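Sequence first, predicted coordinates after that:
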Amino acid sequence: MSAVKGILKGLGTTWRLLWERKHTVPYPDRRRVRSPRFRGRHELRRYANGMEMCVGCELCQVACPANAITVYAAENDPARPHSPGERYAFRYEIDLLRCIYCGLCEEACPTDALHLTQQFELAAFSRDALVYGRDLLVSPEASPFAIPDGVYPPFHGVTRRGEGEPAGVEGERERA
Amino acid sequence: MTALSPLLWVAGVAIKSLILVLLLLGGFAYLLLFERKILGYFQFRVGPNRVGPWGLLQPVADGVKALFKEDIVPAQADRTVYLAAPVISLFMALAAYAVIPVGPPLEVAGYTIPLSIADPGAGVLVVLAFSSLAVYGVALGGWASQSKYALLGGLRSSAQLISYEIAMALNILSVLVLAGSVRLADIVEAQRSLPYAIVQPLGFVLYLVCAAAESARAPFDLPEAETELVAGYHTEYSGLRMAMFFISEYIHLITQSSLITLFYLGGWLGPGFLHPVAWFVLKVAAVLFFFIWVRATLPRLRYDQLMALGWKVLLPLAVVNLVAYASWAALAG
């Protein structure tokens, strides 16, 4: 008899739950706002004048516990610099398959160039496609940050605002 | 009532068979969607909703998917039996429905058209025979796969299906004693004053349990037993052949729900504002909903619990039920 009572009680419980609000988030149709500290895919930002913030110091590479980051720095051309520093990252790769999204690279970055975005839809059909290089990591848009005063040595080249991609970028892949 | 010419009769049976098969396969497809939706609702989810409005085209997508899956025949398998087993299963499931009347006979242009493919005097026995024969598909499929998991699964399933058949047959006997006929239509007509679910509450509950076990529904879905046996007797089956086992299982459930409706819920009888067939379909849907509800609620039984329940609880209770109504019928004359 107690078994029958148990079964009836169980049926009552499920019946009650049938009418409860559904918890499903219809994901691609409706996206929930993620936490501002959410760690998604990486991005290398630019200063407001279009200069790359990354100076190729390789600290992110050192900080990375998963060895996912590879940085090769190169000297800036003083006439047409990529970054306000002496060097810039002429090759910058993050293997998103190895990355554990811990954010230590972001912490390590002295110029705040590297940051993790809200973007998390990172599916691809091959492993190679998930090794992101400069072309995907360096943000095409300028951020609101101005180049800080007294940090970088003065440079005498041209700023890149409104100039599009600087010359020499095309040859970068080959040199790497 | 005019007698039909033989040719017309054959044509009628052929048309009705075609309609029945299409309806049952369509019914299976949408029962699956219905079940997934309802189960979703029971679990705070919304269930399938990507294909078509409210997920209504999901069965089509599922069918296409099953069709394009890789079809494997294990190298060691007994090819003939291996290929025949799902067909036997599906055929028996479809055949059992041939004698189930979904409504009172239709009168069209002076002809009387019964709403079942055949209306034999012993309709109940035909259904019982076909649902017993379905065991062959399961046992043969398990044996022919030449896999120990499938063999064990097949034996378990056969043992389960057989242990519930007896209690189920005894329950049907109690219904027959009350109705005084073995024709399914007569059993429905006998419930005009009171459905047998009210006359025989114990028999009704027992039959519900037996029907769940007979069609291998939760909490008696041991043939599947994915935690212990991967998938039981159809472990080695893939693609469309696996789908055939699956379909036959669900059509079995539809058959059992229809039988419950006929035996205990007054079949197509109901207040006049709906067509009798609509009443029948509604009642079957209600029974199906009940089975889904139970599936969402109860965990799977252990195998020994299942056997104990079948032989030590259901069978004696069914005997008591039968003896009580038989004596009552004998005394009342």
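Structure received.

Tell me where the chain has helices.
I went with chain A, as the question did not name one. A:2-18, A:59-63, A:104-108, A:134-137, A:172-175 (DSSP state H).

sorry, should have said chain B
Using DSSP H, helices in chain B cover B:6-42, B:58-67, B:79-96, B:123-144, B:148-179, B:184-189, B:196-199, B:201-214, B:226-229, B:239-264, B:276-297, B:303-308, B:315-332.

so which of those helices comes closest to A:Asn49?
helix B:58-67 (52.5 Å; CB to CB). C-betas here are computed from N, CA, C, even on glycine.

And the closest one, what does it pack against?
helix B:6-42, helix B:239-264 (3 or more CB pairs under 8 Å, 6 or more residues apart in numbering or on different chains; DSSP states H and E).

Most tightly packed of these?
Highest mean neighbour count among those (mean count of other CB atoms under 10 Å in any protein chain shown): helix B:239-264, with a mean of 24.

Spatially nearest residue to residue 127, not counting backbone neighbours?
Here I'm looking at chain A. Nearest residue to A:Arg127, sequence neighbours excluded (CB to CB, 6 or more residues apart in numbering or on different chains): A:Leu97, at 6.2 Å.

you looked at the wrong chain, it should be chain B
B:Ala96 (5.2 Å).

do the same with B:Val209
B:Leu314 is the one closest to B:Val209 (CB to CB, 6+ apart), at 6.2 Å.

and the gap between that neighbour and B:Asp221?
17 Å (CB to CB, to the nearest Å).

The two: which has the busier surroundings?
When B:Leu314 and B:Asp221 are compared for neighbours, B:Leu314 comes out ahead with 24 against 19, by other CB atoms under 10 Å in any protein chain shown.

what mean pLDDT does stretch B:102-114 have?
Averaging pLDDT along stretch B:102-114 yields 80.

same question, stretch A:149-156
Here the average pLDDT along stretch A:149-156 is 74.

Contacts for it next, please.
A:Asn76, A:Pro78, A:Pro81, A:Pro84, A:Gly85, A:Glu86 (CB atoms under 8 Å, 6 or more residues apart in numbering or on different chains).

what ranges of chain A fall below the confidence cut-off?
Scanning chain A for pLDDT under 70 picks out A:155-176.

Strands along that one, start to end?
A:42-44, A:69-75, A:87-95, A:114-116, A:131-132 (DSSP state E).

Just the CA trace of the longest one, in CSV.
Okay, so that is strand A:87-95. C-alpha atoms of strand A:87-95 as CSV (Å, rounded to 0.1, in the frame of the first residue of the first chain):
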residue,chain,number,x,y,z
ARG,A,87,58.6,47.0,-31.1
TYR,A,88,55.3,45.5,-32.2
ALA,A,89,54.0,42.0,-32.5
PHE,A,90,54.6,41.1,-36.1
ARG,A,91,53.5,37.6,-35.5
TYR,A,92,50.9,37.0,-32.8
GLU,A,93,49.1,33.6,-32.5
ILE,A,94,46.7,32.2,-30.0
ASP,A,95,45.8,28.5,-30.2
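
what angle separates that strand from strand A:69-75?
Calculated by axes from the mean of the first three to the mean of the last three CA atoms, to 10 degrees, strand A:87-95 forms an angle of 160 degrees with strand A:69-75.

In the sheet, which strands lie alongside strand A:87-95, parallel or antiparallel?
If you go by DSSP bridges, strand A:87-95 pairs up with strand A:69-75 (antiparallel), strand A:131-132 (antiparallel).

got JSON lines for the ones you listed, with mean neighbour count and distance to B:Gly153 too?
Output for these, formatted as JSON lines (neighbours: other CB atoms under 10 Å in any protein chain shown; distance: least, CB to CB, whole Å):
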{"stretch": "strand A:69-75", "mean neighbour count": "18", "distance to B:Gly153": "51"}
{"stretch": "strand A:131-132", "mean neighbour count": "18", "distance to B:Gly153": "46"}
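
how about these in CSV, adding distance to B:Ala324?
Putting the strands paired with strand A:87-95 into CSV (distance: least, CB to CB, whole Å) gives the following:
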stretch, distance to B:Ala324
strand A:69-75, 80
strand A:131-132, 77
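
picking that back up, and the residue nearest to A:Arg127, how far is that from chain B?
From A:Leu97 over to chain B the distance is 28 Å, taken as CB to the nearest CB, to the nearest Å.

quick one: contacts for that residue?
Taking CB under 8 Å, 6+ apart as the test, what A:Leu97 contacts is A:Arg127, A:Leu130, A:Val131.

Close to chain A: what parts of chain B are there?
By CB under 8 Å from any CB of the partner chain, the part of chain B that sits against chain A consists of B:38, B:40-46, B:49, B:293-294, B:296-298.

Tell me the one of the residues you listed nearest B:Ala85?
Taking those together and measuring to B:Ala85 by CB to CB, the closest member is B:Val294, at 28.2 Å.

Please look at the closest one and B:Asp221 and confirm they touch.
No: using CB atoms under 8 Å, B:Val294 is not in contact with B:Asp221, being 10.8 Å away.

So which residue is smack in the middle of chain A?
The centre of chain A sits closest to A:His42, judged by CA atoms, centre = their mean, with a distance of 1.1 Å.

which non-adjacent residue is nearest that residue?
Among residues not flanking A:His42 along the chain, A:Ile94 sits closest, at 5.4 Å (CB to CB, 6+ apart).

Tell me the spacing between the one you found and chain B.
For A:Ile94, the distance to chain B equals 32 Å [CB to the nearest CB].

Which residues are in contact with that residue?
So A:Ile94 contacts A:His42, A:Ala68, A:Ile69, A:Thr70, A:Val131, A:Tyr132, A:Leu137 (CB under 8 Å, 6+ apart).

Hmm, the fifth one is touching A:Cys99, no?
In this case it means A:Val131. No: look at A:Val131 against A:Cys99 with CB under 8 Å: they stay out of range, at 10.3 Å.

Let me know which of the strands of chain A is the nearest to B:Leu240.
Taking CB to CB, strand A:131-132 is the member of those nearest to B:Leu240, at 40.7 Å.
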